[in-house]
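Student: Below is the structure, and that's it, no one-letter string:
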């Protein structure tokens, strides 16, 4: 069953954002229009762009313990939540993150990038890059370099849905 889930204030996320029941989104996360987040996802202090698709069981920006400290226990941190969740976690617009992926803190998933199922992403993913594995490795790009530049120049993800559909249709014809 899909529902729209809003934390705190009803207006926190735009009505175009769909978050399936059972996912947890922390209060410091921002989510752009037309984004979908599947079931049982855990998102902590992340910036998520527009038109992003996140499958089920995805973990983004979970807390990380300091392995260089004498103790890894967060009981010894001044402010455990702040210490465990420091660093940016950015998912750019039109990214697709497949089922069971884990995205570490301090990682940027680029514009239009794809993260394969069951991947552990501990490094930045370039725009339109495709990564998979544990740890995730770059296995290719969705488009050729000149096509990527055309898509970037269109900035379709900044448009409302109807206008985006038109821009995408035009680009699809040009690139095919």
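Tutor: Thanks, I have the structure now. Keep in mind it's a predicted model, so treat the numbers as computed, not measured. Numbering: from 1, shown residues only.

Student: alpha carbons only for contacts and neighbour counts from here, please
Tutor: Noted.

Student: Residue 96 is in contact with residue 56, isn't it?
Tutor: No: using Cα atoms under 8 Å, residue 96 makes no contact with residue 56, being 11.6 Å away.

Student: Now for residue 176: which residues touch it?
Tutor: By Cα atoms under 8 Å, 6 or more residues apart in numbering, the contact set of residue 176 is empty.

Student: distance of it from residue 84?
Tutor: 45 Å (Cα to Cα, to the nearest Å).

Student: Past the helix or strand bottoming out on mean pLDDT in the chain, which element shows up next along the chain?
Tutor: Between all helices and strands in the chain, the lowest mean by mean pLDDT, DSSP states H and E belongs to helix 80-84, at a mean of 81. Counting by DSSP states H and E, the next helix or strand C-terminal to helix 80-84 is strand 89-91.

Student: Show me how far the next helix or strand after that next one is from its chain's centre.
Tutor: Downstream of strand 89-91, the next assigned helix or strand under DSSP H and E is strand 96-97. Distance, stretch centre to chain centre, for strand 96-97: 7 Å (Cα atoms, centre = their mean, to the nearest Å).

Student: for stretch 165-176, same thing?
Tutor: 24 Å.

Student: which residues of this structure score low on pLDDT?
Tutor: 1-12 (pLDDT under 70).

Student: how about the helices in it?
Tutor: Taking DSSP state H as the test, the helices found in the chain are 80-84, 145-154, 161-175.

Student: contact partners of the second one?
Tutor: It refers to helix 145-154. 128, 167, 171, 175.

Student: Looking at the residues you listed, which is nearest residue 89?
Tutor: residue 128 (17.4 Å; Cα to Cα).

Student: thinking again about what came up before, in terms of neighbours, single out the busier of residue 96 and residue 56.
Tutor: residue 96 (23 against 20; other Cα atoms under 10 Å).

Student: what's across from the most centrally placed residue in the chain in the sheet?
Tutor: For the chain, the residue nearest the mean C-alpha position is residue 91 (3.5 Å; Cα atoms, centre = their mean). Beta-bridge pairing of residue 91 under DSSP bridges involves residue 48, residue 109.

Student: Surely it and residue 110 touch.
Tutor: Yes: Residue 91 lies in contact with residue 110 (Cα under 8 Å); the separation is 6.6 Å.

Student: Show me the domain layout of the protein.
Tutor: 18-142, 143-176 (automatic domain parsing).
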